[in-house]
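Peer 1: show me the folded form of this:
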Amino acid sequence: MNKLLQGLILISATMVAAAWASIPPPPVNQNIGIPDGVFNDMTFHTCLGCHGDPENAPAPVNIGYLPDRHHLRVDTPIGEYSASPYPEKSPDGTHKCTTCHLVDWVVDPTRPLGGYFKFAQEPTEPEFRDCLNCHEQKPGIASVHHLTQKAQEAQCPVCHGSLVNFPKDDHYIPDYDISFITPWPGDNYDTSSPSSQYDPPVAAYNGRRKGNCSHCHYSGTDQVTGRIVPTNYRTHHGTGVGQPNSGSIHGCDLCHDFTPPDHTIRGCEKCHGVSSLHNIEFDQDGNGITPGGEEPFWGHIGSPANCRGCHGNFEGAGVEAILQTGEGSSAGSNIVPTFGRMGMRGRGMRGGSGMWSAAVNPDPRVLTFTGSGFISILESPDGPVELIAKVVLTDKDGVSHEYEADSITQTTLEVVLPDDLAPGSYDVHLAKGAVRSPIANLVIRPDVTIDEISCNNGKVTITGSGFSGYLNAENSGTSISDTTTLDKCRVESWSNTRIVADCSSGIEGDIRVDGVFGSTIADAACGGTIDSGRPKWWTIWSWWSSWSWSRR
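Peer 2: Numbering: from 1, shown residues only. Down below sits the predicted model:
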């Protein structure tokens with residue numbers, strides 16, 4: 001099994017488990033945000049390590065069954081950064097089935113039209129949904145994630161949350177010189193530079209300089225997860241952001257300051273500023289985060305040892321965590337909420353191996369989160385102030401919907417979503433005061449419903465909702481059929497709310513609609529409506545008639 005996939009699977013068992021890390025690091029424990037790694041040599045199988053199984057994937061992208069998530073893009077505009085492989089197949093500039101799934105014409109004289117369409121790739125094969133068929137990466141140079149529109153716009157916190165800063169905003173970056181208590185990125189600190197104040201000490205156990213990011217964030221094997229962690233140089237350059245031949249619109253100066261001394265901490269603070277670094281901590285014991293009172297190497301402000309890792313060269317007196325009150329605090333007063341597991345249950349949602357719809361599961365939609373830092377207690381002149389994480393869903397149009405938790409502890413959260421929340425693909429994050437978690441994806445599937453059926457000389461018109469798109473190809477999963485004869489009708493037109501099909505000799509039994517989001521069956525009472533649209537007396541009569549015959 002691929003080593004990256006092995007590491008990702010192991011993380012799922014330890015995301016929220018109490019365990020001890022290698023002491024002293026590196027590498028730091030891998031349980032906040034996206035694990036340190038290089039993702040520019042992905043394969044179909046490593047993609048599925050996070051995106052394939054919505055129930056068991058280890059990283060916080062585990063919710064959002066990929067076929068549903070992609071099918072929801074049907075009839076939406078094909079944008080500049082769209083991964084649609086065949087945009088020229090669209091007649092109107094929007095995503096269609098054939099802009100992603102290529103179909104071939106197969107000559108067959110036995111068929112009424114002399115042939116039929118079929119998928120160019122066999123749907124039963126795993127490669128049919130190989131992410132890299134559509135989503136570009138530059139092998140060994142740029143990751144698929146960092147060639148996206150959000151990354152190219154340097155909108156880092158959109159995906160990473162408050163674990164990083166926007167590199168182009170006006171967040172606070174100190175301008176004083178590197179000193180004994182000021183960290184620097186790594187071992188390449190130039191002690192000959194005129195700006196150098198001192199020669200940093202060297203650690204006896206590994207021969208590297210102390211008091212920098214590499215003290216924790218360096219290569220090695222994380223003893224908790226077994227994951228092999230590369231160097232900071234590899235993980236950052238491996239994104240492809242600003243790298244030559246990567247396709248990135250950025251240059252090296254997005255991250256690097258080229259004023260002496262080269263590659264100082266100030267360049268790093270464009271993304272990793274005071275406000276983000278001092279809000280990162282993992283609740284290792286699950287009883288809430290106490291700045292200065294947690295076990296070391298699970299964050300940045302949990303233990304004096306963490307402080308000394310950056311300030312004071314990991315020797316001598318620790319630098320105390322600075323606490324400030326208020327939601328806009330720039331120090332460690334409001335820890336970033338993070339989650340390693342998001343679950344779901346209820347109507348119109350899909351997760352794991354289960355599929356639910358209103359017809360079979362009338363329960364409310366419930367999201368569950370397991371993670372860390374969901375509640376913060378801040379000290380203020382008026383006494384303790386409690387900040388509680390809220391759930392924020394953002395739709396494809398950028399409209400956000402905020403919901404308060406129905407149940408919450410330091411490490412668990414549940415929220416009931418409203419019944420009228422529209423079907424679609426949502427970005428999900430937790431917000432607590434001024435900080436927010438990394439995002440996950442949630443898919444709410446539309447219910448496939450039939451409101452009315454009418455017939456005219458074998459032509460059937462069906463109105464309803466949730467039909468999505470139609471693909472005229474063999475085994476496409478979209479069709480109209482007679483449940484008695486199993487004959488399929490020839491589709492003449494198909495939209496999300498209306499289908500017209502030629503059923504030749506008519507429908508002998510019920511009519512079945514198979515759409516990309518599910519199937520539904522209704523009585524083909526031509527010229528009338530289905531049971532749900534008939535008057536109540538018809539429903540009562542149908543029930544009584546069925547019951548009376550069953551008693552005979």
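
Peer 1: which SSE is immediately downstream of the worst-scoring helix or strand of the chain on mean pLDDT?
Peer 2: Least confident helix or strand, the chain: strand 354-355 with a mean of 28, by mean pLDDT, DSSP states H and E. Moving toward the C-terminus from strand 354-355, the next helix or strand (DSSP states H and E) is strand 365-372.

Peer 1: now the next helix-or-strand element following that following strand: buried residues?
Peer 2: As assigned by DSSP H and E, the chain's next helix or strand after strand 365-372 is strand 375-380. Neighbour counts over strand 375-380 (16 or more other C-beta atoms under 10 Å) mark I375, S376, L378 as buried. For every residue, glycine as well, the C-beta is placed using N, CA and C.

Peer 1: kindly report the same for stretch 69-89.
Peer 2: Neighbour-count burial for stretch 69-89 [16+ other C-beta under 10 Å]: R69, H70, H71, L72, R73, V74, I78, A83, S84, P87, K89.

Peer 1: same list, the residues you listed, but as a markdown table with secondary structure and pLDDT please.
Peer 2: Output for the buried residues of stretch 69-89, formatted as a markdown table (DSSP: H, G, I helix; E, B strand; the rest coil; pLDDT from 0 to 100):
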| residue | secondary structure | pLDDT |
| --- | --- | --- |
| R69 | helix | 83 |
| H70 | helix | 87 |
| H71 | helix | 88 |
| L72 | coil | 87 |
| R73 | coil | 88 |
| V74 | coil | 88 |
| I78 | coil | 92 |
| A83 | coil | 87 |
| S84 | coil | 90 |
| P87 | helix | 94 |
| K89 | helix | 92 |
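
Peer 1: redo the buried residues of strand 375-380 as a markdown table? Include pLDDT and distance to V164.
Peer 2: Output for the buried residues of strand 375-380, formatted as a markdown table (pLDDT from 0 to 100; distance: C-beta to C-beta, whole Å):
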| residue | pLDDT | distance to V164 |
| --- | --- | --- |
| I375 | 94 | 23 |
| S376 | 90 | 19 |
| L378 | 80 | 23 |
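
Peer 1: can you list the domains in the chain?
Peer 2: The chain resolves into domains spanning 21-42+137-331, 66-123, 338-444, 449-533 when parsed by automatic domain parsing.

Peer 1: nearest to R129 among the ones you listed would be which one?
Peer 2: R129 sits nearest to domain 66-123 of all these, at 6.7 Å, using C-beta to C-beta.

Peer 1: follow-up on the earlier one: closest one of the buried residues of stretch 69-89 to I301?
Peer 2: The closest of the buried residues of stretch 69-89, once distances to I301 are taken by C-beta to C-beta, is R69, at 36.1 Å.

Peer 1: the closest one and N441 touch, don't they?
Peer 2: Yes: R69 is in contact with N441 according to C-beta atoms under 8 Å; the separation is 6.4 Å.

Peer 1: give me the common contacts of these two.
Peer 2: Jointly contacting R69 and N441 under the rule C-beta atoms under 8 Å, 6 or more residues apart in numbering are S425.

Peer 1: quick one: low-confidence parts of the stretch 51-200 of the chain?
Peer 2: 52-65, 178, 180, 186-200 (pLDDT under 70).

Peer 1: that older thread, so can I have CSV of the buried residues of stretch 69-89 showing distance to P157?
Peer 2: Output for those, formatted as CSV (distance: C-beta to C-beta, whole Å):
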residue, distance to P157
R69, 22
H70, 25
H71, 29
L72, 25
R73, 24
V74, 30
I78, 26
A83, 22
S84, 27
P87, 30
K89, 35
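
Peer 1: just the closest of those residues to C255, please.
Peer 2: Nearest member of the buried residues of stretch 69-89 to C255, counting by C-beta to C-beta, is A83, at 25.7 Å.

Peer 1: for burial, what's the neighbour tally of G115?
Peer 2: 14 (other C-beta atoms under 10 Å).

Peer 1: OK, contacts around it?
Peer 2: W105, V106, V107, D108, P109.

Peer 1: identify the bridge partners of the residue lying closest to N472 once chain neighbours are set aside.
Peer 2: Closest residue to N472 apart from its sequence neighbours, by C-beta to C-beta, 6 or more residues apart in numbering: F117 at 5.6 Å. Here F117 shows beta-bridge partners W105, assigned using DSSP bridges.

Peer 1: you'd agree F117 is up against N475?
Peer 2: No: counting by C-beta under 8 Å, F117 stays clear of N475, with 10.4 Å between them.

Peer 1: right, and P446 touches G466 too?
Peer 2: Yes: applying C-beta under 8 Å, one finds P446 in contact with G466, separated by 3.8 Å.

Peer 1: mutual contacts of the two, please.
Peer 2: P423, F517.

Peer 1: all helices of the stretch 401-550 of the chain, in order?
Peer 2: Using DSSP state H, counting those that start in this stretch, the helices of the stretch 401-550 of the chain run over 536-551.

Peer 1: where does pLDDT dip in it?
Peer 2: Short version for the stretch 401-550 of the chain, where the test is pLDDT under 70: 525-550.

Peer 1: now the strands for the stretch 201-350 of the chain?
Peer 2: Along the stretch 201-350 of the chain, counting by DSSP state E, counting those that start in this stretch, strands occupy 220-221, 228-229, 338-345, 350-351.

Peer 1: nearest to G398, out of those?
Peer 2: Using C-beta to C-beta, the nearest of those to G398 is strand 338-345, at 21.1 Å.

Peer 1: look at stretch 396-407 and report the distance between its end residues.
Peer 2: Its first and final residues considered, stretch 396-407 spans 27 Å by C-alpha to C-alpha, to the nearest Å.

Peer 1: again, but for stretch 402-421
Peer 2: First residue to last in stretch 402-421 (C-alpha to C-alpha) measures 12 Å.

Peer 1: in that stretch, which residues are buried?
Peer 2: In stretch 402-421, counting by 16+ other C-beta under 10 Å, buried: A405, I408, Q410, T411, T412, L413, V415, L417, L421.

Peer 1: closest to N29 among those?
Peer 2: T411 (15.7 Å).

Peer 1: that closest one - nearest residue in space that isn't next to it in sequence?
Peer 2: G286 (5.0 Å).

Peer 1: now the one you found. Its backbone dihedrals?
Peer 2: phi 70, psi 10 (degrees, to the nearest 10).

Peer 1: and it, what's its pLDDT?
Peer 2: In the prediction, the pLDDT value recorded for G286 is 89.

Peer 1: that one: how many residues sit nearby?
Peer 2: 13.

Peer 1: quick check: it vs A305, distance?
Peer 2: 20 Å (C-beta to C-beta, to the nearest Å).

Peer 1: ditto for G518
Peer 2: Per C-beta to C-beta, G518 is found 53 Å from A305.

Peer 1: same question, S465
Peer 2: 58 Å.

Peer 1: swap in G424?
Peer 2: Distance from G424 to A305, by C-beta to C-beta: 45 Å.

Peer 1: of these two, who's got more company?
Peer 2: Each of G424 and A305 has its neighbours counted (other C-beta under 10 Å); G424 has more, 18 against 15.
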